[in-house]
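> Sharing a model that was predicted from the sequence below.
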Amino acid sequence: MKVDLCVEGMNVLVREDLKDTLKSLKADLKRRKAGGTLAIFHMEKQDDIDELQKHIDAFTLVLRYYGVDTK
């Protein structure tokens, strides 16, 4: 099945996906800081926390560019 989306419809989908990913990264960071053993980017806890924070900052910056409140 083929679905045609207008540009604004596609923008909405992309923004929502970015917001979901940001929410997931924030949850991963919270778990990692609390001592969770699930490594996302690095096996070393502090390196993983630092990398998660970099990704969170990047997603936040992109979403702000598109006018999304990330708080």
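On my side now, so go ahead.
> Where is the longest helix in the chain?
helix 7-33 (DSSP state H).
> Quick one: mean pLDDT over that helix.
What helix 7-33 shows for mean pLDDT is 93.
> Pull out the buried positions in that helix.
For helix 7-33, burial by neighbour count (16 or more other C-beta atoms under 10 Å) applies to 18, 19, 22, 25, 26, 28, 29, 32. For every residue, glycine as well, the C-beta is placed using N, CA and C.
> hmm, who's touching stretch 13-29?
Stretch 13-29 has contacts (C-beta atoms under 8 Å, 6 or more residues apart in numbering) with 5, 38, 40, 49, 52-53, 55-56, 59-60, 62-63, 66, 68, 70.
> What number of residues are in the vicinity of residue 70?
Counted by other C-beta atoms under 10 Å, the residues lying close to residue 70 total 15.
> for it, what are its contacts?
The contact partners of residue 70, by C-beta under 8 Å, 6+ apart, come to 19, 22, 59, 60, 63, 64.
> Look up how far residue 28 lies from residue 41.
Counting by C-beta to C-beta, to the nearest Å, the separation of residue 41 from residue 28 is 9 Å.
> Quick one: classify residue 68 as helix, strand or coil.
Put simply, residue 68 is coil when judged by DSSP: H, G, I helix; E, B strand; the rest coil.
> From residue 69, how far off is the spatially closest residue to it that is not a sequence neighbour?
Among residues not flanking residue 68 along the chain, residue 15 sits closest, at 5.9 Å (C-beta to C-beta, 6 or more residues apart in numbering). Remark: distance between residue 15 and residue 69 (C-beta to C-beta) = 11 Å.
> Ok, residue 38 next?
Remark: distance between residue 38 and residue 69 (C-beta to C-beta) = 28 Å.
> before we move on, the earlier item: shared neighbours of residue 41 and residue 28, anything?
Any residue near both residue 41 and residue 28 by C-beta under 8 Å, 6+ apart counts here, and that gives residue 52.
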